[in-house]
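> Pasting a predicted model and its sequence here:
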Amino acid sequence: MQNALIDLAESYDYPLLNFFWTMLLIFLWVLWFMLLFRVIADIFRDDALSGWGKAGWTVLVILLPFLGVFVYLIARGRGMGEREFSRAQQQEQAFRSYVRESAGPSHADELAKIAELKNRGDLTPAEYEQAKAKILSS
């Protein structure tokens, strides 16, 4: 039994070049699916594209995948990067505004406000010191 396994392992021939060719094909296959899903995601995320346009591009990409993806990249490829960039900027702005709203006003902002009130004469120096102590203690 053990001799049969050794003979099988010794008789199996898979040259190194075939291994590299197989790895290249797997890499290209994964790359193709990444590109296909990226195009489909761009179709559905594009707000400027009408419903019929989205349906048409989706049908073209699904029924004739190679032709559909390449035509889409030629026709709308430049806009893909611009739409992705603007989407990233919107997400960053939304995150920053959420952080600002969640954090609330800072001590420096509050101190600047009461200093402005004191400079305009709306607060007396005693009221200013009292408000300043209250802000710094919290």
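Done, it's in.
> Pick out the residue closest to the middle of this structure.
Most central in the chain under CA atoms, centre = their mean is residue 88, positioned 6.1 Å from the mean C-alpha point.
> Need the residues that contact stretch 17-37.
If you take CB atoms under 8 Å, 6 or more residues apart in numbering as the criterion, stretch 17-37 is touched by 61, 65, 69. C-beta coordinates here come from the backbone N, C-alpha and C atoms, glycine included.
> I'd like the residues you listed written out as CSV, with neighbour count, pLDDT and secondary structure added.
Shown next, in CSV, are those (neighbours: other CB atoms under 10 Å; pLDDT from 0 to 100; DSSP: H, G, I helix; E, B strand; the rest coil):
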residue, neighbour count, pLDDT, secondary structure
61, 19, 94, helix
65, 15, 92, helix
69, 19, 94, helix
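> Which one of these is nearest to residue 98?
Nearest to residue 98 among the contacts of stretch 17-37: residue 61, at 34.7 Å, using CB to CB.
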